[in-house]
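Asks: predicted coordinates and the sequence they were generated for:
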Amino acid sequence: MTKKTVLVVEDDADIQEVVSYNLAREGFNVQRALTGEEGLRMAKSRKPDLIVLDLMLPGMDGMEVCRRIRKDPEIRKMPIVMLTAKAEDVDVVTGLEIGADDYVTKPFSPKILTARIRAVLRRGEAAEETAADSITLEGLEIHLGRHEVRVEGRPVILTLTEFKILQLLASHPGWVYSREQIVSYVRGEGYPVTERAVDVQIVGLRKKLGDYGKMIVTVRGVGYKLADEA
């Protein structure tokens, strides 16, 4: 099996060494960057399988690096795990909202970080291996195998998390899914994401879908469902 490559963007040399050592011991190829600018350049030139991205970086911070990656057509689907000392909901939600696939707060367990990285990579692989079927509801098309969404023929760029949420809701139009069910489907059982984080993902998804965002209906006190028409 081909080794996966992880780019570690962290300005603290000691933390970078700990992360890199543990990932290498777990069988990953590891690349390193000390600044956001360097990390962005390496992401574009070396195309790693995943980025571990520190939030608090000198110069270009992790949030800006994440934003630029998600806007770049060549690397926008690259998985990102945020590594941050900020544990407040607002910071976690912001990171997820701009496109991070997961986050780990400092101080952290190397085993937990590795487990999160493997989980994100598995989700990406599962999305790629899904049969090339599509779900079509009026002008909304969800191509599962190609991991693409189109609205009236226009491509819509979604993060992996947004795509998974839409895929879940669209798999059974009219069925109501609780926030806990959405979190379990997207991230795995027991993942510590607040209900607020799920709500923010839904808000972002509705915005990207434009008029078709109205198909995602809030069921008060329960969760969300996808209507079968806009």
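Replies: All right, it came through fine. Just so it is clear, the structure is predicted and the values come from calculations on it, not from any experiment.

Asks: quick check: residue 164 touching residue 120?
Replies: No - contact criterion C-beta atoms under 8 Å: residue 164 and residue 120 do not qualify, at 11.2 Å. The C-beta positions use only the backbone N, C-alpha and C, and glycine is treated the same way.

Asks: OK, contacts around the residue sitting nearest the centre point of the chain?
Replies: For the chain, the residue nearest the mean C-alpha position is residue 101 (2.3 Å; C-alpha atoms, centre = their mean). Applying C-beta atoms under 8 Å, 6 or more residues apart in numbering, we find residue 101 in contact with 79, 80, 81, 120, 123, 159, 160, 161.

Asks: narrow the residues you listed to those in helices?
Replies: Using DSSP state H, 120, 123, 160, 161 are the members of the contacts of residue 101 that sit in helices.

Asks: tell me where this structure has strands.
Replies: Applying DSSP state E to the chain gives strands spanning 5-9, 29-33, 50-54, 80-84, 102-105, 134-137, 140-143, 148-151, 154-156, 177-178, 216-219, 223-226.

Asks: if you compare the ones you listed, which one is most tucked away?
Replies: Highest mean neighbour count among the strands of the chain (mean count of other C-beta atoms under 10 Å): strand 50-54, with a mean of 27.

Asks: contacts for it, please.
Replies: Residues from elsewhere that reach strand 50-54 (C-beta under 8 Å, 6+ apart): 4-12, 15, 19, 23, 39, 43, 62, 65-66, 69, 78-84, 100, 113, 117, 120-121.

Asks: shouldn't residue 81 be in contact with residue 120?
Replies: Yes - Residue 81 lies in contact with residue 120 (C-beta under 8 Å); the separation is 6.0 Å.

Asks: can you check which residues contact both of these two?
Replies: Shared contacts of residue 81 and residue 120 (C-beta under 8 Å, 6+ apart): 50, 101, 102.

Asks: need these in JSON lines with pLDDT and distance to residue 176, can you?
Replies: Conversion of the shared contacts of residue 81 and residue 120 to JSON lines gives the following (pLDDT from 0 to 100; distance: C-beta to C-beta, whole Å):
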{"residue": "50", "pLDDT": "96", "distance to residue 176": "33"}
{"residue": "101", "pLDDT": "87", "distance to residue 176": "25"}
{"residue": "102", "pLDDT": "86", "distance to residue 176": "26"}
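
Asks: let me know the closest of these to residue 27.
Replies: Residue 27 lies nearest to residue 50 out of these, by C-beta to C-beta, at 13.4 Å.
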